Structure formats: structure tokens, C-alpha cells
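J.: Build the 3D model from these lines:
(one chain, ligands or ions: 1)
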Amino acid sequence: MFTIILLVIILIIFSAKYPWWLPAKKGLTVLMYHHIYKYDETCDLEKALYVEPKKFSKQMDFLLKHKYTPITLEELSKSYKDETFKLPEKPVLITFDDGWSDNYTNAFKILKEKNIKANIFISCNFIEQKNCMTWNQLLEMKNSGLISFGSHTVNHPTDIQTLNDNDIIKELKESKQILEKKLNIKIDSFAYPSGKGATNKKIRAMVFDSGYSFDFSTKRGITPFKWNKEKAIKRLYIKENYNIFDFYLLITKGKNSF
Ligand SMILES: [Zn+2]
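T.: Now for the predicted structure:
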């Protein structure tokens, strides 16, 4: 009897912490990564941003096994403009922010092996810098047909809301122009650096006025589909210490804890 009571108490505590019992959320699932690299003392960003290549590979296998279909930003855009173009049943956008070199050396290698599509939000001035990708690498990724790109500003301001209007417009428009010219593609998606400005009406209006059709925040969740533009598209930040149960909860319930 005592054992049963104890088990019930444990189950209640577990269920109060983990949303395993919630119904699955339908919508657009967007994963957010930064580095695909085993964290060590040479890394200068916070540890949570580094997902080990092995772990990333397992997460990709998990998506495929559970019948998710990774899509590109271009396909998302096409599904809005062309009514005859339908997205798969369980679409997932795998996204990377900033433009780190391990996105090419580690992530792209794994994605190519598994034939998985993904997307990178680029901060233009990061390209060709230390620890970042080169334009040639970005072109190679684009030409593989697996990788699509979005803008993440020119300079990755800490908080875009603190810039003056001219500088905000510059960050938005110039990054779009540079990427379109260098990669010879249309850029219509934007991700707010550190998620700052994603709930700011004025900033969002400036994003759309600069020629973007989709904006992505860092707010955790799954966005109802079709998207009505009311709020920036949510993303699921995949952190370094998440296990496969966290990953499962995130992609199905939109959160891995209460
Ligand atoms: Zn960023």
C-alpha cells in the first residue's frame, strides 16, 4: 500500500514538472540551434548554445523516425504564395542562428548524410570572421538544395530596439540585400537577434516594410498553422543539456517543462 501511495506521489510530482500528458500540439514546429559543437574551454558563448554533433544527429534521427518532414524557408514561403503547394503533414523547420563555422563542418555534414533540409539565419558581418562560415561555404550549402537562408541583421545588435530608426532599417534592409546578392536567392524571413524586438509592434512593422514576409522570435512554443502574422513565429530552443525526452516533449507539446 505504502509503495502504491509513494508511486502515485512520484507520478504527480513528475506530471507537475513535465507536460507528457498534454495533447500533442499541431502547427509549425521550428527548432532553434546555434552551435553544433562539443562544448569545451575554447568556447566563448554560454554552454546551452552548444549541442554536441552526436546528440544533434540523434535528434535528427528522432524527427525522421516520428515522421516529421524538415522543410526550408523557401517551401514555407511557397506554401503561402501558391495555393496548390501543400506542406507535408508534420513540417519542421530546423534553424540555426548567426552563421557559425560548425554549422558547415558539423551540422551540414550530418544533414547531408541524412538528406535533411535546414535553414540558417545569417548575421552578414559575421561571415568570413573567426569561427564563422565563409561565403563559399554558404554557396556550397545553398547549391546542395538542402539549406535555405534568412536574415539575422548585419551586425547582430544586442537589442535592435535600442538603435535609432535609420540604423534599424539599415540592419533589416542591408542584410537582406547582401544575402540576396551574394547567394543569388530571395530572402523573406527574418529572425530577431536574441529575440529582442519580436513583440515590439513598431519593430515588427519595420521588418515587414523592409520586405520580409516571416519573422521568427525565440519564444518557446509551436505556432498554429496557417500562421496569421499576429505574433512572430515561435521557436524551440534546443539546449546543450536536453535529453531525448526533452526533445520529444518540445516537438510534440511545445514545451519540455512547466
Ligand atoms: Zn543570434
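
J.: use CA for all of it now, contacts and neighbours both
T.: Noted.

J.: Return the longest helix along the chain as CSV; C-alpha atoms alone will do.
T.: Using DSSP state H to assign secondary structure, the helix with the most residues in the chain is helix 165-183. Taking C-alpha atoms only, helix 165-183 is exported to CSV below (Å, rounded to 0.1, in the frame of the first residue of the first chain):
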residue,chain,number,x,y,z
ASP,A,165,15.2,54.2,-36.8
ASN,A,166,17.8,54.7,-39.6
ASP,A,167,20.1,52.1,-38.1
ILE,A,168,17.2,49.6,-37.6
ILE,A,169,16.2,50.0,-41.3
LYS,A,170,19.8,49.6,-42.3
GLU,A,171,20.2,46.3,-40.3
LEU,A,172,17.0,45.0,-41.9
LYS,A,173,17.4,46.1,-45.5
GLU,A,174,21.1,45.8,-45.9
SER,A,175,21.3,42.3,-44.6
LYS,A,176,18.5,41.3,-47.0
GLN,A,177,20.3,42.9,-49.9
ILE,A,178,23.7,41.5,-49.1
LEU,A,179,22.4,37.9,-48.7
GLU,A,180,20.3,38.2,-51.9
LYS,A,181,23.2,39.4,-53.9
LYS,A,182,25.9,37.1,-52.5
LEU,A,183,23.8,34.0,-52.6
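
J.: Can you give me the buried ones in the host helix or strand of Ser57?
T.: Here Ser57, judged by DSSP states H and E, is contained in helix 53-65. By 16 or more other C-alpha atoms under 10 Å, the buried positions in helix 53-65 come out as Pro53, Lys55, Phe56, Ser57, Gln59, Met60, Leu63.

J.: Show me where the stretch 151-258 of the chain has its helices.
T.: In the stretch 151-258 of the chain, helices defined by DSSP state H, counting those that start in this stretch lie at 165-183, 201-209, 244-253, listed in chain order.

J.: Please pull out the lowest mean pLDDT helix or strand from this protein.
T.: Counting by mean pLDDT, DSSP states H and E, the chain has its least confident helix or strand at helix 2-17, which shows a mean of 91.

J.: ok, residues contacting that one?
T.: Contacts of helix 2-17 from elsewhere in the structure, counted by C-alpha atoms under 8 Å, 6 or more residues apart in numbering, are Trp21, Ser257, Phe258.

J.: Distance to Pro88, pLDDT and neighbour count for those - can I get that in JSON lines?
T.: Rendered in JSON lines, the data for these read as follows (distance: C-alpha to C-alpha, whole Å; pLDDT from 0 to 100; neighbours: other C-alpha atoms under 10 Å):
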{"residue": "Trp21", "distance to Pro88": "26", "pLDDT": "88", "neighbour count": "10"}
{"residue": "Ser257", "distance to Pro88": "28", "pLDDT": "90", "neighbour count": "15"}
{"residue": "Phe258", "distance to Pro88": "29", "pLDDT": "89", "neighbour count": "8"}
